[in-house]
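Engineer: Here's my sequence, what's the structure:
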Amino acid sequence: MIVDVVPLAMAAVLGVAMLLEIRTGRIPNWLTALPFVLFGILLIVVEDRTPLYWQMGLAAGVFIFGLVMFAIGGSGAGAVKLMTGTALFVPFATAFYAGIVFLLVFFTSSFVIVQLRKLIGSEDSSWHLMANAVLPLSFSIGTTGLIAMFLL
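Structural biologist: Sure thing, here's the model as predicted:
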């Protein structure tokens, strides 16, 4: 029962992260910690932990990639933590496809966001996305996580 609820809780975390980053430009630390707590719950309640170990290895690789991106200014620390936590819930067998989905979502959403900002963006907007020239990585991370957990 708990095993069935944890992915839904992770989906809620991703939805809140996307909304908060689009609205405020930040992903709070308490929110980026929740995927690790949820994964810890899975480690306790699931009978066969072998797939989870593979997902932990995947998350470690994603974390290293995220650190490199953070070091060169390609992402924020919140996005790195969210991406790593999300990778814990991506089945190892579909990780390659999830990577392709991430790239497709990132480039498509970047184009759409830039066009929206040109049409209706304003420095006076209370939405961070419309007031600043930034691309919210949480949207790409969240969309990819949802697709990887429920569709791939």
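Engineer: Against the centre of the protein, work out the most remote residue.
Structural biologist: residue 124 (27.6 Å; C-alpha atoms, centre = their mean).
Engineer: What pLDDT does the model give that residue?
Structural biologist: According to the prediction, residue 124 has pLDDT 76.
Engineer: That one - nearest residue in space that isn't next to it in sequence?
Structural biologist: Across the structure, with C-beta to C-beta, 6 or more residues apart in numbering as the measure, the residue nearest residue 124 apart from its sequence neighbours is residue 131 (7.1 Å). All C-beta atoms are positioned from the backbone trio N, CA, C, and that covers glycine.
Engineer: and the one you found, what does it touch?
Structural biologist: Taking C-beta atoms under 8 Å, 6 or more residues apart in numbering as the criterion, residue 131 is in contact with 121, 122, 123, 124, 125.
Engineer: Against residue 125, how distant is it?
Structural biologist: In this structure, residue 131 and residue 125 are 4 Å apart, going by C-beta to C-beta, to the nearest Å.
Engineer: coming back round to it: let's see if you can find the most crowded of the contacts of residue 131.
Structural biologist: Neighbour count (other C-beta atoms under 10 Å) singles out residue 121 as the most crowded of the contacts of residue 131, with 18 neighbours.
Engineer: my guess is it meets residue 128, correct?
Structural biologist: No. The pair residue 121 / residue 128 is not scored as a contact, 10.9 Å apart, by C-beta atoms under 8 Å.
Engineer: Could you list the residues in contact with stretch 102-120?
Structural biologist: Stretch 102-120 has contacts (C-beta under 8 Å, 6+ apart) with 129, 130, 133, 135, 136, 137, 139, 140, 141, 143, 144.
Engineer: Tell me, how many residues neighbour the fourth one?
Structural biologist: What that stands for is residue 135. The burial count for residue 135: 15, using other C-beta under 10 Å.
Engineer: How about the secondary structure of it?
Structural biologist: coil (DSSP: H, G, I helix; E, B strand; the rest coil).
Engineer: For it, which non-adjacent residue is closest in space?
Structural biologist: Here the nearest residue to residue 135 in space, its sequence neighbours aside, is residue 110; by C-beta to C-beta, 6+ apart that works out to 5.3 Å.
Engineer: follow-up on the earlier one: report pLDDT for the residue nearest to residue 124.
Structural biologist: Each residue has a pLDDT score; the one for residue 131 is 72.
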